[in-house]
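A.B. asks: Prediction below, plus the sequence it came from.
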Amino acid sequence: MSKINANVPEHPMEKLLRMDRIPHIWCSTCGIGTAVSCFISALEKFEYPLDKVAIVSGIGCTGRVAGYIKLDSFHSTHGRAIPFATGLKLANPDLKVVVISGDGDLSAIGGNHLIHAARRNMDLTVICVNNFIYAMTGGQSAPTTPLTANSSTAPYGNSDPPFNLPLLVGSCGATYIARWTSLHIRRLTKSMGEALNKKGFSFIEVIAPCSTLYARRNRLGTGLDLMKFYHDNSEIKHGAPLEELDINFQQKIIVGKFIDKEKPTFVDNWNNWLSKKLGERFVPYGVAKA
Amino acid sequence: MKADPKGVLTGEHYLDGDHACAEGALAAGCRFFAGYPITPSTEVAERYVARIPMVGGIFIQMEDELASMAALVGAAWGGKKSMTVTSGPGFSLMMENIGLAVMMETPCVVVNVQRGGPSTGLPTMVGQQDMMQARWGSHGDYQLIALSPASPQEAFDYTIKCFNLAEKYRVPVLFMMDECVGHMTEKVVIPKPDEIEITPRRLTKLSPEKYLPYKANGDLVPDMIEAGTGYRIHSTGLTHDERGYPAMSPVTQAQLVKRLCDKIKLNAEDIIEIEEDQTEDAEVIVMAYGITSRVTLPAVFKARKKGIKVGYIKMITAWPFPERRVRELAKKVKAFVMPEINLGQMVLEVERCAAGQAKTYHVPHAGGWVHDPEDIYKVIEEAVK
């Protein structure tokens, strides 16, 4: 890692960032960097060998996160971060596998994988940065674009109702669900820490500004204006019923921790059931290596 | 190294090709299987999941074939030998992440028990119509390896070879079975574990500070790591440099894609396996693969009885195509005859390599059944004229 100037102080997160890949590709005022900072802060407090933490991303702006975090990191195909992570985790259950990807990647093209990973209670942490559009490709509608909002493929406003992501994954059985905006740095970091420590399928939605495309097309002002909007319009409601978490265009955003429960994971179920059925003949899978 | 005894069911068995394939995978050390049911391949998954709890490994039935293939790539990076099984429609869905496996240089095995297509086609009936898809189905330029067995015994033997080649060249290997071989039942001899040669993963010996994940060695194949061992690598489907970092330029593209192709092309002689019979003084050579290589034999025997000098080549390896050998023989023979259960796929390669020096005859079949050997004989008779 080369330093440009000996007088430049070390980046406080240098140990966990690929500094040889900086500058990153994200626009100024983008919320993804904030989500990454919070995640790194959460990792620094995570009491687990970081060599055993792996990051998997899909495709898109948030899909690039894997490339900047200095852990084993995989930048997979569009929508397939969760099944890739499923294979990685099952192959080596000692790994803590974190999927960081965008709303379009995870809930549109990857929607089938999202619901099935939640159903199986696959032991993964999924961090979904929701900027309401496909940003990498120029601001097209996503399954998260609020009704009436403009996008490049909804030039007269969106008429296609969006997902309520916490409700979606909650109805499939996710064991941890939280939502924060990229303004809620401290709370987001805390949730990420809780999710990392959670055994089972944990899901965090991070509402993030895209001033280059979403805000510009919808005349919502600068990145700072969006942060002010989050400040004035987010309401913290822990344990709020999931069906009340719809996001409507420029209206109140309910944030908080909504679900936090315990349930056996996919591998727990495999081991418990098969040892019951097969007894001594069964070789338990992924039991901690000595 | 030798096979892990836990997975090897040594002895004489009466198995169909699908079950033999599953036993081959277990013998080869495959301990991760992700799949989605599809006729006529499902029995491979069924056999595997019935056996793996006692062997020590994991099976997951994924939500679709897109997910199965993505999980396979992830599992390989997690350190497991991994496989999936499918047929035509699922094979189409797997193309996306077969490309990812090629780009990330991920060893894994994809079995396609071929049925008739296109689309849903003939779910329960034989075809050999995915041979070109095997070669070109994912987007972009790449090379990979595809093998084709002709019996349950070969399904066992060559599944092991698929795993070994996948590890040696860090490439997805496609096992192009067909419904007939998958569903025919014959004697299968499973050797003792110490008689089964297994290629281990080529893990780097370098320290994390010195290791570059995509810096290749003399044979153009980089050494690998397992996630979770402290190397903190990055791997991407984007065009990348030796560090594995995205590096999108015509220069890195040329370097990377050329190496990905060359590591197979330049090692073709090591990879290719064909069986030849009486090709030395042949005037006509019949080439075939899979079930068709067996259906062809009565036609070959009849032609020989009638005094026709006919040679026979069974292709175990379909990709890379045995180009050098066909070019050599093309200088000596009048013609090649290729029967296959499609309307003209691998024959295009024969024709290309014969390059006008020998004639090429195709014996097509649209699928659903095997050839009548008499139809193949008639073409041999015509070809020798």
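C.D. replies: Cool, got the structure.
A.B. asks: Residues of the stretch 1-150 of chain A that sit close to chain B?
C.D. replies: Neighbours of chain B within the stretch 1-150 of chain A, by C-beta under 8 Å from any C-beta of the partner chain: A:18, A:20-21, A:51-52, A:54, A:56, A:66-67, A:70-77, A:79-80, A:82-92, A:94-95, A:112-113, A:116. C-beta coordinates here come from the backbone N, C-alpha and C atoms, glycine included.
A.B. asks: average pLDDT for stretch A:40-60?
C.D. replies: When pLDDT is averaged over stretch A:40-60, the result is 97.
A.B. asks: got it, and stretch B:366-384?
C.D. replies: Along stretch B:366-384, the predicted local confidence has a mean pLDDT of 98.
A.B. asks: What are the buried residues along that stretch?
C.D. replies: When burial is assessed from 16 or more other C-beta atoms under 10 Å in any protein chain shown, stretch B:366-384 yields the following buried residues: B:367, B:370-371, B:373, B:376-377, B:379-381, B:383-384.
A.B. asks: Among the residues you listed, which one sits closest to chain A?
C.D. replies: The shortest approach to chain A among the buried residues of stretch B:366-384 belongs to B:Gly367, at 30.2 Å (C-beta to the nearest C-beta).
A.B. asks: Is it correct that that closest one is in contact with B:Gln345?
C.D. replies: No. With contact defined as C-beta atoms under 8 Å, B:Gly367 does not count as touching B:Gln345 (11.6 Å).
A.B. asks: if I look at those two, which residues touch both of them?
C.D. replies: Each of B:128-129 lies in contact with both B:Gly367 and B:Gln345 under the rule C-beta atoms under 8 Å, 6 or more residues apart in numbering or on different chains.
A.B. asks: domains for chain B, by residue range?
C.D. replies: B:5-195, B:276-384 (automatic domain parsing).
A.B. asks: among these, which is nearest chain A?
C.D. replies: Once these are compared by C-beta to the nearest C-beta, domain B:5-195 is nearest, at 2.6 Å.
A.B. asks: and that closest one, anywhere near chain A?
C.D. replies: Yes. Looking at domain B:5-195 against chain A by C-beta under 8 Å from any C-beta, the contacts come from B:6, B:32, B:34, B:53-58, B:60, B:62-64, B:66-68, B:70-80, B:82, B:96-97, B:99-100, B:104.
A.B. asks: what helix or strand does the residue nearest to A:Ile185 when sequence neighbours are not counted sit in?
C.D. replies: Computed as C-beta to C-beta, 6 or more residues apart in numbering or on different chains, the closest residue to A:Ile185 that is not its neighbour in sequence is A:Cys38, at 5.8 Å. For A:Cys38, the element it lies in under DSSP states H and E is helix A:32-45.
A.B. asks: Run through the residues that contact the residue of the stretch 151-290 of chain A found nearest chain B.
C.D. replies: For the stretch 151-290 of chain A, the nearest residue to chain B under the criterion C-beta to the nearest C-beta is A:Val283, separated by 3.6 Å. For A:Val283, the contacting residues are B:6, B:53-56, taking C-beta under 8 Å, 6+ apart as the criterion.
A.B. asks: Report the mean confidence score over stretch B:17-27.
C.D. replies: 98.
A.B. asks: actually stretch A:125-141, not the one I typed
C.D. replies: Rounded mean pLDDT across stretch A:125-141 is 97.
A.B. asks: Quick check: buried residues in it?
C.D. replies: Those would be A:125-136, A:139-141, for stretch A:125-141 by 16+ other C-beta under 10 Å.
A.B. asks: Inside strands: which ones of the residues you listed?
C.D. replies: A:125-130, A:133-134, A:140-141 (DSSP state E).
A.B. asks: residue ranges of the strands in the stretch 201-350 of chain B, please?
C.D. replies: In the stretch 201-350 of chain B, strands defined by DSSP state E, counting those that start in this stretch lie at B:234-236, B:274-277, B:284-288, B:310-315, B:317-319, B:335-339, listed in chain order.
A.B. asks: Quick check: which of those strands is nearest to B:Leu26?
C.D. replies: strand B:317-319 (23.0 Å; C-beta to C-beta).
A.B. asks: Out of the ones in strands among the buried residues of stretch A:125-141, the closest to B:Gln143 would be?
C.D. replies: A:Tyr134 (32.6 Å).
A.B. asks: Correct me if wrong: the residue nearest to A:Ile185 contacts A:Thr181.
C.D. replies: No. Look at A:Cys38 against A:Thr181 with C-beta under 8 Å: they stay out of range, at 11.2 Å.
A.B. asks: Give the helix, strand or coil label for B:Ala155.
C.D. replies: helix (DSSP: H, G, I helix; E, B strand; the rest coil).
A.B. asks: Show me the longest strand that occurs in chain B.
C.D. replies: Ranked by number of residues, the top strand in chain B under DSSP E is strand B:108-116.
A.B. asks: mind exporting that strand as CSV, just the C-alpha atoms?
C.D. replies: Extracted as CSV, the C-alpha positions of strand B:108-116 are listed here (Å, rounded to 0.1, in the frame of the first residue of the first chain):
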residue,chain,number,x,y,z
CYS,B,108,-16.6,-27.3,-10.2
VAL,B,109,-18.5,-30.0,-12.1
VAL,B,110,-21.8,-29.5,-14.0
VAL,B,111,-23.6,-32.6,-15.2
ASN,B,112,-26.1,-32.4,-18.0
VAL,B,113,-28.1,-35.5,-18.6
GLN,B,114,-29.2,-34.4,-22.1
ARG,B,115,-32.8,-34.8,-23.3
GLY,B,116,-34.4,-33.6,-26.5
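A.B. asks: Just the helices from chain A, written as ranges.
C.D. replies: For chain A, the helices defined by DSSP state H cover A:32-45, A:81-91, A:103-104, A:111-120, A:165-171, A:185-197, A:216-217, A:223-233, A:266-278.
A.B. asks: Kindly apply the preceding question to the stretch 101-250 of chain B instead.
C.D. replies: Per DSSP state H, counting those that start in this stretch, the stretch 101-250 of chain B carries helices over the ranges B:131-136, B:152-169, B:179-183, B:250-265.
A.B. asks: Compile those into CSV and extend it with columns for mean neighbour count and mean pLDDT.
C.D. replies: Compiled in CSV, the helices of the stretch 101-250 of chain B are given as follows (neighbours: other C-beta atoms under 10 Å in any protein chain shown; pLDDT from 0 to 100):
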stretch, mean neighbour count, mean pLDDT
helix B:131-136, 20, 98
helix B:152-169, 25, 98
helix B:179-183, 27, 98
helix B:250-265, 16, 98
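A.B. asks: Chain neighbours aside, what residue packs nearest to B:Asp241?
C.D. replies: Nearest residue to B:Asp241, sequence neighbours excluded (C-beta to C-beta, 6+ apart): B:Ala247, at 4.0 Å.
A.B. asks: What residues does the residue nearest in space to the middle of chain B make contact with?
C.D. replies: In chain B, the residue lying closest to the centroid (C-alpha atoms, centre = their mean) is B:Ala146, at 2.5 Å. Applying C-beta under 8 Å, 6+ apart, we find B:Ala146 in contact with B:131, B:134-135, B:173-176, B:317-319.
A.B. asks: Out of the helices of the stretch 101-250 of chain B, which is closest to A:Glu10?
C.D. replies: With C-beta to C-beta, the closest approach to A:Glu10 among those belongs to helix B:250-265: 29.5 Å.
A.B. asks: Mind listing residues that contact that closest one?
C.D. replies: Helix B:250-265 is contacted from outside by B:102-103, B:105, B:140-145, B:169-171, B:214, B:216, B:219-221, B:239-241, B:271, B:320, using C-beta under 8 Å, 6+ apart.
A.B. asks: interface residues of the stretch 151-290 of chain A facing chain B?
C.D. replies: A:266-267, A:270, A:274, A:278, A:281-283, A:285-286.
A.B. asks: out of the residues you listed, which are buried?
C.D. replies: Under a neighbour-count criterion of 16+ other C-beta under 10 Å, the subset of those counted as buried comprises A:266-267, A:270, A:274, A:282-283, A:285-286.
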